[in-house]
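Undergrad: Just need the structure, nothing else, for what follows:
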Amino acid sequence: MFRRPRPPRPPFPPVGLFGFLNPMFQKILGEANQAFETGDYTNAAERYTRLAERAIIRGRSRAGNWMIKAGQANVLAGQTEPGLQQIFKGLGMLRNEGRLRDFRRYSWRTIDLFNSHGLQKEAGKVMEWMQGVSPEMTIPMNDHVNYEGQASFHQKLPSKCPSCGAPVHPETVDWVENGQAACAYCGILLPEG
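TA: Take a look at the predicted model:
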C-alpha cells in the first residue's frame, strides 16, 4: 500500500515582535506561570524545563528565559543543585546570544528572588558565578536609571500578561523602540494596564 508523505508543518506563527507561541507552548507556559505564582514550584519547574528543552531543540530565542525560570522554581522547590545548573545554563544562553541587557536583568532578578525567600547562600552562588563569567556586570543594577525604566513610567502595565499569565514587572518586560512593553515570556505586546 502506498501512502502519500505528509506535507511539512508550517512554522509557528510569531506573536508580537519578539517570539512565538503556538497553542501548546502557550498552554504549558500559562500552567507554569500559574504554578509558580501559587507556590507549586515542583510543577512549575517541570513545565518551564519542558518549554526550555523544546525551545532549545527548535532554536527559539526564549529558551534561556524559560531555563532560568525552571532553575528558579527548582531552587525554590528545594532542588538546589539542579536548579542552579539550569540558571547558569540559561544565563549562559542569554550571554552567548549577545543579550547582555537580559543577562544582567535576569541575574539580578534571580538574586533578588532568592534573597526575598531567605536563600542568601543560593543568591551568593549566582553572584559568584556572575563575577566569574562577567565581572563587569556585577555592579548592582538600578532599573530606574536606564531608558527602559524611564519608558515604564509612560505605559501603565497590567499586573499579568493577558496571553500567558506571567507576572509583569517593569524591570523584566522587553521594551521596544516606541516605549511599549512586551512580555518577557511569550513576547506579545502588552496593553495598557
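
Undergrad: Residue nearest the middle of the protein, spatially speaking?
TA: Asn65 (2.9 Å; Cα atoms, centre = their mean).

Undergrad: continuing past the host helix or strand of that residue, what's the next helix or strand?
TA: For Asn65, the host element (DSSP states H and E) is helix 63-76. Note on helix 63-76: by DSSP H and E, the next helix or strand toward the C-terminus is helix 80-96.

Undergrad: what's the helix or strand that that following helix is followed by in contact with?
TA: For helix 80-96, the following helix or strand on the C-terminal side (DSSP H and E) is helix 100-116. Here helix 100-116 makes contact (Cβ atoms under 8 Å, 6 or more residues apart in numbering) with 64-65, 68, 71-72, 75-76, 87, 90-91, 94-95, 120, 122-123, 126-127, 130, 134, 137, 140-141, 171-172. C-beta here means a position set from N, CA and C on the backbone, and glycine is covered the same way.

Undergrad: Would you show me how to pick out the buried ones of these in PyMOL?
TA: Selection of buried members from those for PyMOL, criterion 16 or more other Cβ atoms under 10 Å:
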select buried, resi 64+65+68+71+72+75+76+87+90+91+94+95+122+123+126+127+130+137+141+171+172
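
Undergrad: Run through the residues that contact Asn74.
TA: Contacts of Asn74 by Cβ under 8 Å, 6+ apart are 41, 45, 80, 82-83, 86.

Undergrad: let me fix that: Arg54
TA: Taking Cβ under 8 Å, 6+ apart as the test, what Arg54 contacts is Phe25.

Undergrad: Tell me the confidence at it?
TA: Predicted confidence (pLDDT) for Arg54: 88.

Undergrad: And it, how close does it get to Ala70?
TA: For Arg54, the distance to Ala70 equals 12 Å [Cβ to Cβ, to the nearest Å].

Undergrad: Kindly report the same for Glu122.
TA: Glu122 is 15 Å from Ala70, by Cβ to Cβ.

Undergrad: what bits of this protein have low per-residue confidence?
TA: Low-confidence segments of the chain (pLDDT under 70): 1-2, 6-21, 135-155, 172, 177-179, 193.

Undergrad: any chance you could map the helices in it?
TA: For the chain, applying DSSP state H gives helices covering 23-37, 41-57, 63-76, 80-96, 100-116, 120-133, 147-151.

Undergrad: Return the distance of the third one from the chain's centre.
TA: Taking the mean C-alpha point of helix 63-76 and that of its whole chain, the gap between them comes to 8 Å (Cα atoms, centre = their mean, to the nearest Å).

Undergrad: same question, the second one
TA: Relative to its parent chain, helix 41-57 has a centroid offset of 11 Å by Cα atoms, centre = their mean.
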